[in-house]
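K.L.:
could you look at this predicted model? Sequence included:
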Amino acid sequence: MTAFPEKRILLIIGGGIAAYKTLELIRRLRERGIFVRVVMTEAAKKFVTKLSVESLTGSEVFDELFALTGDSGMGHIELSRDADLLVAAPATADLLAKMAQGLAGDLASTLLLATDKKILAAPAMNVRMWLHPATQRSVALLQKDGVIFVGPESGDMACGEYGLGRMSEPAGILTAIEHLLSGDMRLPLPGDLSDESAGPGSLKGRRVVITSGPTHEPIDPVRYIANRSSGKQGHAIAAAAAAAGANVVLISGPVSLADPFGVKTIHVETAQEMLTQVEAALPADIFIGVAAVADWRVAETSLAKIKKHPEETPALTLVENPDILAAIGRRSKDRPALVVGFAAESEKLQENAQAKLIAKNCDMIVANDVTEAGVLGGESNKVSLLTKQGKENLPLMTKQKVAARLIEKIAGMLGGNGQ
Ligand code: CTP
């Protein structure tokens with residue numbers, strides 16, 4: 001555990017059910033020696049009490065705009081400048097909209113406006129609120145202003161729905177905070193994309209598009225065709241590329257993983273949606289197809305749930321899905337400089353992988369033996385990196401280590417020294 005004894009965080013708790021998770025976050029921050037000052041919105045106080053927060057932080061909670069000269073004698077400018085980092089968690093739709101518009105009608109929004117420090121926002125709201133164009137407009141504006149987002153994630157929601165909008169877990173928010181406090185987080189912002197400081201193994205200034213996870217191909221409103229991919233390898237590669245300074249777009253099928261920090265993550269369900277989003281994300285310097293894209297979809301998805309009949313078993317007619325990797329590899333316009341695919345094989349690994357390298361016009365194939373214990377859905381992977389020039393066999397290692405080596409190799413192929 002890294003300690004940050006000199007660091008100070010101003011935590012702004014918005015009014016959402018996820019506010020309870022910030023209590024755990026405060027505890028973990030305090031364990032790291034970080035001083036946490038808390039501001040609560042009126043709505044936040046309906047979910048957690050000032051007393052709980054004050055017991056955990058050991059200091060006064062601020063909640064009123066016009067009472068700032070009280071015990072602490074701090075004005076609002078001082079309060080927001082005194083911190084090394086501002087964290088808005090949960091960042092509700094209301095708080096994000098206020099921030100995007102520069103409104104300052106209460107203490108929380110005033111401090112977010114008065115600051116000259118980085119702001120980390122952990123959104124939490126109902127999926128429809130998150131996907132609403134008004135919220136997405138706020139997020140786009142805030143990202144342009146340099147606000148950093150962690151989450152939201154997919155999952156069951158307190159309101160009974162399922163989807164994107166859950167606040168990241170305290171551990172995920174903590175990782176983001178630690179990166180920011182260490183000053184080693186390279187943000188994928190437009191202004192950050194100059195090539196000038198690119199070093200060996202660096203992908204600074206490069207745009208990388210990555211697919212990850214399985215795809216789900218609907219049969220009817222309740223059933224779908226899926227596969228065992230967890231998305232762990234693809235997400236680890238996206239995180240490694242972002243850590244190497246790249247501007248990363250991750251197009252992910254349904255997974256139960258957090259969006260990697262510092263990566264623009266787009267969530268899709270089907271192979272066709274994945275292809276559309278990949279094409280929309282181009283042009284890019286590098287495309288890495290890690291997703292276990294379903295090879296087939298049902299020819300006609302039933303709009304109604306298919307019912308059981310005693311004398312009749314339904315027959316599914318399948319049609320082939322687009323091959324995303326091949327479509328990108330064979331592009332004549334806007335083909336990324338490096339196209340990297342995966343080959344999940346259970347036999348004749350090298351031979352099949354070599355065939356995919358040629359057939360899909362790739363520059364590299366990462367061949368993995370899916371019969372190896374712990375590979376499918378697990379934490380480790382055993383891969384060979386195949387290029388037209390030769391191959392490199394890596395031993396069984398964690399998916400994070402595979403990701404780091406792959407990114408290093410890619411950076412080398414593009415002109416660094418990772419080859
Ligand atoms: N891939 C893709 N679109 C598909 C199928 C596969 O983009 N419709 C990509 C995967 O992301 C991976 C590579 O192609 O990078 C190889 O996937 P794999 O499942 O190993 O091979 P397939 O081409 O599907 O061939 P097969 O299942 O016959 O081995």
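P.N.:
Thanks, I have it. Numbers count the residues shown, from 1 in each chain.
K.L.:
spatially nearest residue to the residue of the stretch 1-150 of the chain found nearest the ligand, not counting backbone neighbours?
P.N.:
When distances are taken as Cβ to the nearest ligand atom, the stretch 1-150 of the chain approaches the ligand most closely through Leu131, which lies 25.7 Å from it. C-beta coordinates here come from the backbone N, C-alpha and C atoms, glycine included. Nearest non-adjacent residue to Leu131, counting by Cβ to Cβ, 6 or more residues apart in numbering: Leu164, 7.0 Å away.
K.L.:
quick check: buried residues in the strand or helix carrying that neighbour?
P.N.:
Using DSSP states H and E, Leu164 maps to strand 162-166. Neighbour-count burial for strand 162-166 flags 163-166 (criterion: 16 or more other Cβ atoms under 10 Å).
K.L.:
quick one, phi psi at the residue of the chain most remote from its centre?
P.N.:
What lies farthest from the middle of the chain is Glu311; by Cα atoms, centre = their mean that is 47.0 Å. In this entry, Glu311 is assigned phi and psi values of phi -100, psi 0 (degrees, to the nearest 10).
K.L.:
number of residues surrounding the residue of the stretch 1-150 of the chain closest to the ligand?
P.N.:
Taking other Cβ atoms under 10 Å as the criterion, the count of residues near Leu131 is 13.
K.L.:
helices or strands next to the helix or strand Ile210 falls within in the packing?
P.N.:
When elements are assigned from DSSP H and E, Ile210 belongs to strand 207-212. Using 3 or more Cβ pairs under 8 Å, 6 or more residues apart in numbering; DSSP states H and E as the contact criterion, the neighbours of strand 207-212 among helices and strands are helix 232-243, strand 247-252, helix 271-281, strand 286-289.
K.L.:
can you tell me which of those is nearest to Lys7?
P.N.:
With Cβ to Cβ, the closest approach to Lys7 among those belongs to helix 232-243: 21.0 Å.
K.L.:
what ranges do the strands span in the stretch 101-250 of the chain?
P.N.:
For the stretch 101-250 of the chain, strands defined by DSSP state E, counting those that start in this stretch occupy the ranges 118-123, 148-149, 153-156, 162-166, 207-212, 217-218, 224-225, 247-252.
K.L.:
which one of the ones you listed lies closest to the ligand?
P.N.:
Closest approach to the ligand among the strands of the stretch 101-250 of the chain is made by strand 207-212 (5.8 Å; Cβ to the nearest ligand atom).
K.L.:
tell me the angle the closest one makes with strand 247-252.
P.N.:
With axes from the mean of the first three to the mean of the last three Cα atoms, to 10 degrees defining the directions, strand 207-212 sits at 20 degrees from strand 247-252.
K.L.:
name every strand pairing with strand 207-212 and say which way it goes.
P.N.:
Taking DSSP bridges as the criterion, strand 207-212 sits next to strand 247-252 (parallel), strand 286-289 (parallel) in its sheet.
K.L.:
for that strand, which positions count as buried?
P.N.:
Neighbour counts over strand 207-212 (16+ other Cβ under 10 Å) mark 207-212 as buried.
K.L.:
as TSV, the helices and strands packed on strand 207-212 with mean neighbour count and mean pLDDT would be great.
P.N.:
Shown next, in TSV, are these (neighbours: other Cβ atoms under 10 Å; pLDDT from 0 to 100):
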stretch	mean neighbour count	mean pLDDT
helix 232-243	26	92
strand 247-252	27	95
helix 271-281	19	96
strand 286-289	28	98
